[in-house]
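Asks: Following is a predicted model, sequence given first.
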Amino acid sequence: MSYCPLAQTAKITNQVILVGSGCAYPNQRLTNTQLGLRVDTNDSWIRSRTGIGARRIIGPGETLTDLSYKAASAAIEMAGWDPQSIDLVLLATSTPDDLFGSAPAVQTKLNANNSVAFDLTAACSGFLFALITASQFLRTGSMRRALVIGADQLSSWVNWDDRRTCVLFGDGAGAVAIEAKETSEKGLIDFELRSDGRRGNYLNLNKTKDFSHLIENSSYQTGSFSPIEMNGQEVYKFAVKEVPAILQTLLRKTNTDPQMLDWLLLHQANQRILNAVADRFKISYEKVLTNLADYGNTSAATIPIMLDEAIRSGRVKPGDLIASSGFGAGLSWGAALFRWHGPN
Ligand code: UT7
């Protein structure tokens, strides 16, 4: 077949629409009061400073790959897709079961054998970065259907004796099914993405610096990681400054008045951060989606879990306009403006 530049250009009119969602979380539930049995903390401190009431933790017999599979299956079912029709399985995670990537294992469980599957790491911004990455394949016409999964198991990587961090995080997985459609109605309207490695030391999950003897005059670095280290106050300041700024840029460039938004869908890190962003735009708290009380911060999974819950409970309806922002380690942050479409 000969190369036809005109045909390629014509495909760029594709819009990206969101047609399915799903989520899954572990069985073990740990309340704030239960955490107080392990570290010097209490329900009142955690709720008032973060909004978190409980978190889910992966236990024996569960894996992050399984949770990702369950979330993705639910999204495929809602979308009404044949798994064989999926072109891309993109798994946003910082905590894969396999460091080489867990997306292919999810792909196989889904029977999505015609897809390419790979992992993407951008910490708590991972889902948003993956959504935008996947949407580029759809916009250019090189792919038609993509599953975007956000999943994390930070319970394996927190120091459970450090009350400043262990109270914040939980495990879970969420997914959305997106597809290309030649239409005038826009699903994914626009986006902005940012990173700043200069502030990367505020939140890390670093490899340990231990070396072991290999042979005479040679050593190798052992493959293990130190628990999460975080400068909570700096991350907080970063979030309340950069999230409103990036949303402002996005809303301006799309000529969107904040009052036109049906929902604000932010990375679920801290209720005080969500409220501060809403205050900045004079958005009523009823429009701020939150499930921190039940799950805490599930990193790359917070946005798709929250979206799926809001869709299945009937709060988010087809056509609703949603401004979303993810932020976290890297430092990384991003924002997307989209309308929920729902199944075709
Ligand atoms: O995806 C991004 C992930 N990271 C974040 O979202 C983190 C953003 N930062 C935050 O959410 C907040 O900074 C935290 C919730 C982490 C901390 O809240 P804070 O209001 O900044 O508290 P703080 O660190 O200033 O600590 C205040 C006090 C300290 O005691 P002293 O020094 O005043 O006596 C802490 O030792 O609270 C103490 N404290 C706790 N007390 C009970 C810290 N953690 C706890 C705890 N329980 N879990």
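Replies: Great, that's in hand. No experiment lies behind these values; they were computed from the predicted model shown.

Asks: So which residues of the stretch 201-344 of the chain form helices?
Replies: Along the stretch 201-344 of the chain, counting by DSSP state H, counting those that start in this stretch, helices occupy 232-253, 271-280, 292-295, 302-312.

Asks: quick one, the longest one and helix 271-280 angle?
Replies: I take that to be helix 232-253. 30 degrees (axes from the mean of the first three to the mean of the last three C-alpha atoms, to 10 degrees).

Asks: So is helix 232-253 next to the ligand?
Replies: Yes - using C-beta under 6 Å from any ligand atom, helix 232-253 reaches the ligand at 232-233, 235-236. Backbone N, C-alpha and C define where each C-beta goes, glycine included.

Asks: Same check on the second one?
Replies: No - counting by C-beta under 6 Å from any ligand atom, no contacts exist between helix 271-280 and the ligand, the nearest distance being 6.6 Å.

Asks: Show residues contacting that helix.
Replies: Contacts with helix 271-280, where a contact means C-beta atoms under 8 Å, 6 or more residues apart in numbering, come from 49-52, 236, 239-240, 243-244, 247, 264, 266, 268, 284-285, 287-288, 290, 292, 325.

Asks: next one: the longest one
Replies: Contacts with helix 232-253, where a contact means C-beta under 8 Å, 6+ apart, come from 164-165, 190-192, 194, 199, 202-203, 256-258, 266, 269-270, 272-273, 276-277, 280-281, 323, 325, 327-328, 331, 333-337.

Asks: change it to 7 Å
Replies: 164, 190, 192, 194, 199, 202-203, 258, 266, 269-270, 273, 276-277, 280, 323, 325, 327, 331, 333-335, 337 (C-beta atoms under 7 Å, 6 or more residues apart in numbering).

Asks: Are any of the residues you listed buried, and if so which?
Replies: Among the contacts of helix 232-253, those buried by neighbour count (16 or more other C-beta atoms under 10 Å) are 190, 192, 194, 199, 202-203, 258, 266, 269-270, 273, 276-277, 280, 323, 325, 327, 331, 333-335, 337.

Asks: Need the phi and psi values for Val106.
Replies: Torsion angles at Val106 (phi, psi; degrees, to the nearest 10) stand at phi -70, psi -40.

Asks: give the contact list for it.
Replies: For Val106, the contacting residues are 65, 68-69, 72, 89, 91, 117, 149, by C-beta under 7 Å, 6+ apart.

Asks: Check what contacts stretch 45-57 and list those residues.
Replies: 25-26, 28-32, 155, 167-172, 270-271, 290, 292-296.

Asks: again, but for stretch 206-213
Replies: Here stretch 206-213 has contacts from 219-222, 224-226, using C-beta under 7 Å, 6+ apart.
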